[in-house]
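S.K.: just to be clear, the model below is a prediction. Sequence and coordinates:
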Amino acid sequence: MVRRTRVLIVDDSPFMRMAIRRILTTDPGIDVVGIASDGLEGVEQAVELRPDVITMDVEMPRMDGIASVKKIMSVAPCRIIMVSAMTSEGATATFDALDAGAVDYILKPSAENSTAQAQFKEELLHKVPCTASAGTLHPHHATPIVIDGVEPVHHGAGAKRRIEYIGIGASTGGPVAVQEVISCLPASFSCPVIVAVHMPKAFTGPFAERLNAKCSITVRVAQDGELLRSGTVLIAPGGQHTTLVRSGGGIAVKLSPATAPSGVYIPSVDLLMSSLAESANGAVLGIILTGMGADGYKGMQQVKSRGGVTLVQDQATSTVYGMPKACIDGGIADSILPLAKIGPALEQLVAG
């Protein structure tokens, strides 16, 4: 008999508690084992019930969602999905919760928006079981598979596998993973970097601001038409797709509506990686970090086929192993590294 995913719902809104429970009980593989009306009660029930997954509101009386996540991760660790408001304030609180140990988030729908309500239901039914089966809560450092035959950028055009640009893709667990990688890079880092993480438009600005405040290198949201530059990390904006095109002597950002071309994942890592590989004529290091699904696999194929270098996060340190696993199973990963070693590896590869 297949074991059902045990879920605890924590939310101070009776309407949201009822809505989340109603959605989850439509899946026979999910068992709602508890409902709490604030963070303090959520901690108590987490200790008593030991659920597989908790859906956690952010703003609550007595103990808010961030404090609750911190306490739960110290006394009864489990997978926590934040249920967040689609605002800049909601984004900031959500990133704080992810830093505290939550693994993912879902945006609260407005009562008037039927499309958002349908998306909320779809994401909840998808993310809860996927999160429950994602693996260890406490990643450990694995032995890296070292990149072989990669030449640093300063060796010049004659190098067989030169690196002039870096593209990074991630999804679930991505905000924390990207922060760890980028925070290792010095302000003098010579390779332009562009990053695509699956997130809504309202979250991209706060995410870039958060990284810029925490990192030595400059981080900002990519703007249509701007060139990739050394010493700068550009974050692909949410709600639309980002591709790269050759522009004069450099490579420029091109933004397009999410409906053209259409895709499940926005922004698309596949589109970003493929276009970067083409516009840079293969002088690319493509990196896939933690995330559900397989977005990025086709893009990394393009990087590989054009002579670029491909690197993926290992299973032990991935929040969700889907995106890296797709690249590894497809035979296109040149290197598999634990998260803590990826940032230092970039600095070594580029600086020589």
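M.R.: Everything's here; your move.
S.K.: any weak-confidence spans in the stretch 151-300 of the chain?
M.R.: Within the stretch 151-300 of the chain, the stretches with pLDDT under 70 are 151-161, 259-264.
S.K.: go again using 80 as the cut-off
M.R.: 151-162, 258-264 (pLDDT under 80).
S.K.: quick one, helices of it?
M.R.: With DSSP state H, counting those that start in this stretch as the criterion, the stretch 151-300 of the chain has helices at 174-182, 201-214, 269-279, 297-305.
S.K.: in its sheet, what does whichever helix or strand comes after the last one sit against?
M.R.: This points to helix 297-305. Counting by DSSP states H and E, the element after helix 297-305 in chain order, helix or strand, is strand 309-313. When pairs are called by DSSP bridges, strand 309-313 turns out to pair with strand 284-288 (parallel), strand 335-337 (parallel).
S.K.: centre of the chain to strand 309-313, how far?
M.R.: Mean-position distance between strand 309-313 and its chain equals 15 Å (CA atoms, centre = their mean, to the nearest Å).
S.K.: rounded mean pLDDT for that strand, please.
M.R.: Computed over strand 309-313, the mean pLDDT rounds to 94.
S.K.: what's the helix or strand containing A93 packed up against?
M.R.: Element membership for A93, per DSSP H and E: helix 88-100. If you count contacts as 3 or more CB pairs under 8 Å, 6 or more residues apart in numbering; DSSP states H and E, helix 88-100 packs onto helix 65-75, strand 79-84, strand 104-107, helix 174-182, helix 201-214. No exception for glycine: its C-beta is placed from N, CA and C like everyone else's.
S.K.: please name every helix or strand in contact with the first one.
M.R.: If contacts are counted by 3+ CB pairs under 8 Å, 6+ apart, helix 65-75 sits against helix 39-49, strand 53-57, strand 79-84, helix 88-100.
S.K.: swap in 6 Å and give it another go.
M.R.: Other helices and strands packing on helix 65-75, by 3 or more CB pairs under 6 Å, 6 or more residues apart in numbering; DSSP states H and E, are helix 39-49, helix 88-100.
S.K.: now do the last one and helix 174-182, the angle between them.
M.R.: Using axes from the mean of the first three to the mean of the last three CA atoms, to 10 degrees, the inter-axis angle of helix 88-100 relative to helix 174-182 is 70 degrees.
S.K.: how far does helix 88-100 sit from the chain's center?
M.R.: For helix 88-100, the separation from the chain centroid amounts to 13 Å (computed by CA atoms, centre = their mean).
S.K.: go on, the shortest one?
M.R.: If you compare the mean C-alpha spot of helix 39-49 with that of the full chain, they lie 27 Å apart, counting by CA atoms, centre = their mean.
S.K.: again with stretch 46-61
M.R.: Worked out by CA atoms, centre = their mean, stretch 46-61 lies 22 Å from the chain centre.
S.K.: same check on stretch 71-83?
M.R.: Counting by CA atoms, centre = their mean, stretch 71-83 comes out at 18 Å from the chain centroid.
S.K.: what is the mean pLDDT for it?
M.R.: Mean pLDDT, computed over stretch 71-83, is 95.
S.K.: same thing with stretch 324-337?
M.R.: Confidence for stretch 324-337, expressed as mean pLDDT, is 94.
S.K.: not counting that stretch itself, show me its contacts.
M.R.: Residues lying outside stretch 324-337 but in contact with it, judged by CB atoms under 6 Å, 6 or more residues apart in numbering, are 144-145, 147, 288, 294, 297, 300-301, 304, 309-314, 318, 345.
S.K.: residues of that stretch that come out buried?
M.R.: Buried residues in stretch 324-337, counted by 16 or more other CB atoms under 10 Å: P324, K325, A326, C327, I328, I332, A333, D334, S335, I336, L337.
S.K.: quick one: which of those residues sit in strands?
M.R.: Secondary structure from DSSP state E places S335, I336, L337 of these in strands.
S.K.: mind putting these into TSV with distance to A97?
M.R.: As requested, those are arranged in TSV below (distance: CB to CB, whole Å):
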residue	distance to A97
S335	31
I336	29
L337	26
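S.K.: nearest to E180, of the residues you listed?
M.R.: Among those, L337 lies closest to E180 (CB to CB), at 11.9 Å.
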